[in-house]
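Return atomic coordinates for the entry below.
(one chain, ligands or ions: 2)
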Amino acid sequence: MGKNVFIYTFGCQMNVHDSEKMLGVLSQGGYQNVTSPEEADLIIFNTCAIRAKAEQKFFSQLGRMKPLKRRNPNLQIAVGGCVAQETQKKIFSRAPYVDIVFGPQNINSLNQLLDQGRKLAVADNPGLAESEFDIVRDSSFRAWVAIMYGCNNYCSYCIVPYTRGREVSRPSDHIVEEIRDLHKLGYKEVTLLGQNVNSYRSDTDFPGLLEKIDATGIARVRFMTSHPRDMSRELVAALAGLPSVCEHIHLPMQSGSDRILSLMNRGYGFADYRDKIAMLRAEIPGIAVTGDIIVGFPGETDEDYQATLSAIQEIEYDGLFAFMYSKRQGTKASSLDSQVPESVKSERLNNLLKIQEQITENKNRCLENAELEILVEGPAENDPARLMGRSRANKIVSFADNGERAGEIIRIRVTRAHMHTLEGINLAINSHIV
Ligand code: 5AD
Ligand code: SF4
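Residues are numbered from 1 along each chain as shown. Ligands and ions are numbered 1, 2, ... in the order given. Presented below is the predicted three-dimensional model:
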């Protein structure tokens, strides 16, 4: 008889994709994916350690598994991902009912680990985790494709180099083959994943890889995350020249203060960052720019914070992810004095988000009446009569449901802009309006 698995996925797209890999491995072991933990014979937590909050969320969810385990003694509970890699034995002491702790490198051997009831399987130096198995993908038209693993940057606040290990790039022909297969299966969009995709280097560099991927015929290529330091002229030229590469860049700035950027070990100042954005916007008309900001890094003064605010006002991001600094054990920044009080951090965050909201809205307003290419995804949130999809610049657009299918690429005219979404009409159906 088949067995059921339920996976809780926390954190970034790499984790979302790792969960798809886990399902692929487990399907070889006779498991099928179910939608509630109550039905499961195996519950997996794919965890995130980037900020303390993500880790707390996992531990509190894990606590709720105790009664399930009592009701079903055969239930197995496994913990994978970044917290597993980082805290290892701590998980067993906090939650003795956990059966297996496994690192990102042990996904391929999940079935053996489960058979043996192995307690701990965490690689010392996590690195390449290329899947040997078919991946059970969540979508039939958009796919995640890992191109590299790990990170060598050691930004002083960040735990990723410790949980995901050193940078390892996949050979370009493996990546291209995967994307060629996806294209044959009818996939329209791939998102290339890596902690720092533009430092990709195997038999070719990142611009070279994009060129090869463009030649597969896949309609849309996205990638994340890029590092401002590695945003070269060659890469900008590749983005501008390759038709499949979407007009969107996620380029985390982290802070607008040079002093803080240097303490963060980011390897650039605000002037460099501004120049890169200017170069991107000059070469790629209509490119959307998104970014990440951390407020309340140790020692961040009011003046530093003001520099960040004026930087985001100058850049005018299409969207911004902002976080309060979270102290991560083992990172360089965790030993810095002058940690900023939580109340100051949260005030700075709220204030920054309020300023950004206005910018986002203005940016979206500029798109009213624009004609956009949309990849249809499915039902719109909160309105069953409408569908939604994403533009090449990654804007969410809703439109009246006229039987368009998920995975279809259509042209839309934007009729109205909101804070987080756009409304539009399908030009093929409303041709009289063109
Ligand atoms: N505290 C707060 N934010 C962090 N990030 C990474 N590490 C931390 C931390 N310790 C943010 C950065 C990064 C994003 C993925 O998460 O902005 O770009
Ligand atoms: Fe962390 Fe910096 Fe690497 Fe991003 S580039 S994963 S922030 S160390």
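
backbone phi and psi for the residue in the stretch 151-300 of the chain that ligand 1 sits nearest to, please?
Here the residue of the stretch 151-300 of the chain nearest ligand 1 is residue 292; by Cβ to the nearest ligand atom that distance is 3.4 Å. All C-beta atoms are positioned from the backbone trio N, CA, C, and that covers glycine. Dihedral pair for residue 292: phi -120, psi 140, per degrees, to the nearest 10.

What residue, apart from its backbone neighbours, is nearest it spatially?
The shortest distance from residue 292 to any residue other than its chain neighbours is 3.6 Å, reached at residue 252 (Cβ to Cβ, 6 or more residues apart in numbering).

Distance of that neighbour relative to residue 306?
Between residue 252 and residue 306 the distance is 20 Å, computed by Cβ to Cβ, to the nearest Å.

When these two are compared, which one has more neighbours?
Counted by other Cβ atoms under 10 Å, residue 252 and residue 306 do not tie: residue 252 has more neighbours, with 20 against 12.

sorry, back to before: residues in contact with the residue of the stretch 151-300 of the chain closest to ligand 1?
By Cβ atoms under 8 Å, 6 or more residues apart in numbering, residue 292 lies in contact with 250, 252-254, 320-323.

Can you lay out those residues as CSV showing secondary structure, pLDDT and distance to residue 335?
Converted to CSV, the contacts of residue 292 look like this (DSSP: H, G, I helix; E, B strand; the rest coil; pLDDT from 0 to 100; distance: Cβ to Cβ, whole Å):
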residue, secondary structure, pLDDT, distance to residue 335
250, strand, 98, 29
252, coil, 98, 23
253, coil, 98, 24
254, strand, 98, 19
320, strand, 98, 29
321, strand, 98, 26
322, strand, 98, 24
323, strand, 98, 20
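
For the residue nearest to residue 324 when sequence neighbours are not counted, the count of nearby residues, please.
Of all residues not flanking residue 324 in the chain, residue 345 sits nearest, at 4.1 Å (Cβ to Cβ, 6+ apart). Residue 345 has 21 neighbouring residues, counting by other Cβ under 10 Å.

Double-check that residue 345 belongs to a helix.
Yes. Using DSSP: H, G, I helix; E, B strand; the rest coil, the assignment for residue 345 is a helix.

So what touches whichever strand or helix holds residue 410?
Per DSSP states H and E: residue 410 is located in strand 409-417. By Cβ under 8 Å, 6+ apart, the surrounding residues in contact with strand 409-417 are 188, 219, 361, 364-376, 389, 391, 397, 399, 404, 422-428, 430, 433-434.

Restrict that strand to CA atoms and write it as PDB.
Extracted in PDB, the C-alpha atoms of strand 409-417 (Å, rounded to 0.1, in the frame of the first residue of the first chain):
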ATOM      1  CA  ILE A 409       0.300  33.700 -22.700                       C
ATOM      2  CA  ILE A 410      -2.000  36.600 -23.500                       C
ATOM      3  CA  ARG A 411      -1.800  40.300 -24.100                       C
ATOM      4  CA  ILE A 412      -3.500  42.600 -21.700                       C
ATOM      5  CA  ARG A 413      -4.300  46.300 -21.600                       C
ATOM      6  CA  VAL A 414      -4.000  47.700 -18.100                       C
ATOM      7  CA  THR A 415      -7.200  49.500 -17.100                       C
ATOM      8  CA  ARG A 416      -6.500  50.300 -13.500                       C
ATOM      9  CA  ALA A 417      -3.600  50.300 -11.000                       C
END
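
doesn't residue 225 make contact with the residue nearest to residue 292?
Yes. With contact defined as Cβ atoms under 8 Å, residue 252 reaches residue 225; the gap is 6.4 Å.

got a pLDDT number for residue 432?
For residue 432, the pLDDT comes out at 58.

ok, residue 240 touching residue 283?
Yes. Between residue 240 and residue 283 a contact is recorded at 4.3 Å, counting by Cβ under 8 Å.

re the thing from before, only whichever of the contacts of strand 409-417 are buried, select them in PyMOL.
Per 16 or more other Cβ atoms under 10 Å, the buried members of these correspond to this PyMOL selection:
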select buried, resi 188+219+364+367+370+372+373+374+375+376+389+391+397+399+404+422+423+424+425+426+427+430
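
Quick check: residues of the stretch 101-250 of the chain near ligand 2?
Within the stretch 101-250 of the chain, the residues that sit near ligand 2 (Cβ under 6 Å from any ligand atom) are 151, 153-155, 158, 160-161, 195-196, 227.

would you list those in JSON lines and tack on pLDDT, neighbour count and secondary structure?
Converted to JSON lines, those look like this (pLDDT from 0 to 100; neighbours: other Cβ atoms under 10 Å; DSSP: H, G, I helix; E, B strand; the rest coil):
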{"residue": "151", "pLDDT": "93", "neighbour count": "22", "secondary structure": "coil"}
{"residue": "153", "pLDDT": "94", "neighbour count": "18", "secondary structure": "coil"}
{"residue": "154", "pLDDT": "95", "neighbour count": "13", "secondary structure": "coil"}
{"residue": "155", "pLDDT": "98", "neighbour count": "21", "secondary structure": "coil"}
{"residue": "158", "pLDDT": "97", "neighbour count": "21", "secondary structure": "coil"}
{"residue": "160", "pLDDT": "92", "neighbour count": "21", "secondary structure": "helix"}
{"residue": "161", "pLDDT": "92", "neighbour count": "19", "secondary structure": "helix"}
{"residue": "195", "pLDDT": "94", "neighbour count": "21", "secondary structure": "coil"}
{"residue": "196", "pLDDT": "94", "neighbour count": "20", "secondary structure": "coil"}
{"residue": "227", "pLDDT": "97", "neighbour count": "19", "secondary structure": "coil"}
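
which among these gets closest to residue 134?
The shortest approach to residue 134 among these belongs to residue 195, at 24.6 Å (Cβ to Cβ).

any idea how far residue 36 is from the closest one?
Taken as Cβ to Cβ, the span from residue 195 to residue 36 is 32 Å.

List the residues that contact residue 234.
Counting by Cβ under 8 Å, 6+ apart, residue 234 makes contact with 205, 207.

Report whether whatever helix or strand residue 306 lives in contacts ligand 1.
Here residue 306 sits within helix 302-315, counting by DSSP H and E. No. Counting by Cβ under 6 Å from any ligand atom, no contacts exist between helix 302-315 and ligand 1, the nearest distance being 12.0 Å.
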